[in-house]
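In: got a predicted model here, sequence first, then my questions.
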Amino acid sequence: MSQISVQFSVASHIMAAIGARHGEPMTSSQLALSVNADPSFVRRVLAKLSRAGLVTTTRGRNGACSLSKAPSQITLLDIYRASEAPATFSIHSYPVQKVCPVSRNIKDCLEGVLEQAQHSFELALQRQTLSGLVSKLKQVD
């Protein structure tokens, strides 16, 4: 059975929550409440966003995080890459059944199709900014 990764959606949620606060720093506890997730998981995602240069964090009793750039300068692709989420599309790892012509060839046949789909997905993310995501949130509320 496939594993579903929530890394990108949680990272996007965190970035949108910080972006919606107009530069006001947020604590990991506040973000964990917003995501409704374990604070240690949120801190791990924040560490990835920090390593990618998307957020700045301070530690300690008064620790908080804020965006490192304006929301208009951060794309969803930046967040996707920072989250280290697995590729959206991948080929199964089941062993090849040598007696079956489909099994022997399907992986090679699908490889180019899935690479193209991943590229299209990433181009779509590149066109969307964090500020656009935050604006959509405000329209819904």
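Out: Yes, it's here. What you are looking at is a predicted structure, and each value in this text was computed from that prediction instead of being measured.
In: strands along the chain, start to end?
Out: Per DSSP state E, the chain carries strands over the ranges 55-58, 64-67.
In: what's the offset of the last one from the middle of its chain?
Out: Meaning strand 64-67. 17 Å (CA atoms, centre = their mean, to the nearest Å).
In: can you tell me the average pLDDT over that strand?
Out: Taken as a whole, strand 64-67 has an average pLDDT of 93.
In: check the first one too.
Out: For strand 55-58, mean pLDDT is 92.
In: need the contact list for the residue of the chain positioned farthest from its centre.
Out: What lies farthest from the middle of the chain is Val99; by CA atoms, centre = their mean that is 40.1 Å. Val99 makes no contacts at all, as judged by CB atoms under 8 Å, 6 or more residues apart in numbering. No exception for glycine: its C-beta is placed from N, CA and C like everyone else's.
In: thinking again about what came up before, figure out which of the strands of the chain is closest to Ala20.
Out: With CB to CB, the closest approach to Ala20 among these belongs to strand 64-67: 10.6 Å.
In: mind giving me the packing neighbours of the closest one?
Out: In this structure, strand 64-67 packs against helix 7-19, strand 55-58, with contacts taken as 3 or more CB pairs under 8 Å, 6 or more residues apart in numbering; DSSP states H and E.
In: Ala82: which of the strands of the chain is closest?
Out: Per CB to CB, nearest to Ala82 of the strands of the chain: strand 55-58, 9.0 Å.
In: contact partners of the closest one?
Out: Residues from elsewhere that reach strand 55-58 (CB under 8 Å, 6+ apart): 15, 18, 25, 46-47, 49-50, 63-68.
In: what do you get if the cut-off is 10 Å, keeping everything else the same?
Out: Outside strand 55-58, the residues within contact range by CB atoms under 10 Å, 6 or more residues apart in numbering are 11, 14-15, 18, 25-28, 43, 45-50, 63-69, 74, 82.
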